[in-house]
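# from the sequence below, what's the structure:
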Amino acid sequence: MTLCTSLAVASRMLSYAKLARNPSMFRSFTGLEVSELDSLYERVESRYSKFEERRLSRPDRKKEVGEGGRPFKLELRDRLLMLLVYYRLYITLALTQFLFDLDLSNVWRDIRYLEPVVRACIPLPKKIHEQVRRLGTVEEVERYFPGFKAFVDATEQEIPRPKNAQKRKTHYSGKRKRHTVKTQLTVNSKGLIVHKPPHARGRRHDLDIYRQRHPDLPKEVEQNFDRGYDGVRNYLPDLKYAIPFKRRGPGRGHRGEKAEGLTPEQKKYNKKLLKARVVVEHTISRLKKFNIFGQEFRNRLRFYDTMTDIVSGLINARIMGGR
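Alright, predicted model coming up:
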């Protein structure tokens, strides 16, 4: 590291060299351990030059590669740190600019340029789902799905009130009383996210999202739902699934009559099923610790799936690493 680079690092409030000295603070700022970021950095570094060459070699380029453009002020490791800090804390770009001593335009540019490389280096749900679809033997299926079980649930995230009247209607969630988008997740018994389709409008019902964008899992795997997916058998009669029993009213012409209660066996079954489903709730909780997934999503919705895919891939990497 040259003298000029050392002085530049010293002038920044945040850098890898400073933050790595305090592991607990590092984990709070990035959502990863120091060793996990180091491992991710090695994979990113090995692929970075290939992605940069592809980015710079666009057909409409007027100058040769290296003759124009602005050099990056931060080293690759610090740019990766900045991306993780932004995802984990979801601070404003102005505050990110101040912490890393960059111009405002450079902050967003550095993050956007690095996202495709990071996506290629982590186990995204899309990659895992493609592997799951190719499983051949029962042993391979059980390795991905211990106990041959998968758990499905959807989570909502608030977005700013849309200016367009039609979008205000389609994105309004009657459950949350807010404008939201929904993300459906399918996890195994360890919490690994094996399927995550593109986000849906907040107004849509969980069952409707699943009906159109359900995972393609091996036939041996039993998919576990909550009561929000009641009626899934009407759309996918051959699906192997488990769903809690639900009290049902006597129907039309019996106004004022109470629904018949559940039997002790049904209550016991529900309790066992809901206890097993805690794993998907834990995974959603881990995702929402990254504030870009847990707080109101302030960016354009066209970036939503890219950013939440990266968060899902980071959580998958931690789970596969035994954390």
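
# buried residues, the lengthiest helix in the chain. List them.
With secondary structure taken from DSSP state H, the chain has its longest helix at helix 34-56. Neighbour-count burial for helix 34-56, counted by 16 or more other C-beta atoms under 10 Å, picks out 34, 36-37, 40-41, 44, 48, 51. The way it works is simple: take the backbone N, C-alpha and C, and place the C-beta from them, glycine included.

# name the helices or strands packed onto the helix or strand just after that helix?
Later in the chain than helix 34-56, the nearest helix or strand by DSSP states H and E is helix 76-89. Packing contacts for helix 76-89, counted by 3 or more C-beta pairs under 8 Å, 6 or more residues apart in numbering; DSSP states H and E, involve helix 16-19, helix 23-30, helix 34-56, helix 93-100, helix 104-121, helix 291-294, helix 304-320.

# contacts for the first one next, please.
Taking contacts as C-beta atoms under 8 Å, 6 or more residues apart in numbering, the residues outside helix 16-19 that touch it are 9, 12, 25-26, 29-30, 37, 77-78, 81.

# out of those, who's nearest Asn224?
Using C-beta to C-beta, the shortest approach to Asn224 within those belongs to Thr30, at 32.2 Å.

# so what's that closest one up against?
Here Thr30 is in contact with 19, 37, 81, 84-85, 88 (criterion: C-beta under 8 Å, 6+ apart).

# distance of Ile122 relative to Arg55?
From Ile122 across to Arg55, the span is 19 Å (C-beta to C-beta, to the nearest Å).

# could you measure from Tyr86 over to Gln97?
11 Å.

# and if you look at Gln157?
Counting by C-beta to C-beta, the gap from Gln157 to Gln97 is 25 Å.

# more crowded one of the two?
Gln157 (22 against 18; other C-beta atoms under 10 Å).

# still on that earlier bit, identify the contacts common to Tyr86 and Gln97.
Val107.

# ok but Val152 is inside a helix, no?
No: Val152: not assigned to a helix; according to DSSP: H, G, I helix; E, B strand; the rest coil it is strand.

# helix, strand, or coil at the residue lying closest to it once chain neighbours are set aside?
Distance criterion C-beta to C-beta, 6 or more residues apart in numbering; nearest residue to Val152, sequence neighbours excluded, is Thr186 at 5.0 Å. Three-state assignment for Thr186 (three-state DSSP): strand.

# list the contacts for Thr186?
Counted by C-beta under 8 Å, 6+ apart, Thr186 has contacts 150-152, 193-196, 215, 217, 223.

# looks like Phe293 contacts Ile310 (just checking).
No: between Phe293 and Ile310 there is no contact under C-beta atoms under 8 Å: 9.7 Å.

# against Phe26, how distant is Lys18?
10 Å.

# okay, those two: which has more neighbours?
Applying other C-beta under 10 Å to Lys18 and Phe26 shows that Phe26 carries more neighbours, namely 22 against 15.

# residue ranges with poor pLDDT in the protein?
1-12, 61-69, 249-256, 322-323 (pLDDT under 70).

# how close does the residue nearest to Gly231 when sequence neighbours are not counted get to Arg227?
Nearest residue to Gly231, sequence neighbours excluded (C-beta to C-beta, 6+ apart): Leu207, at 6.1 Å. Computed as C-beta to C-beta, the Leu207 to Arg227 distance reads 10 Å.

# compare the two (neighbour count), which wins?
Leu207 (17 against 12).

# looking at the contacts of helix 16-19, which is nearest Gly261?
Closest approach to Gly261 among the contacts of helix 16-19 (C-beta to C-beta): Thr30, at 49.5 Å.
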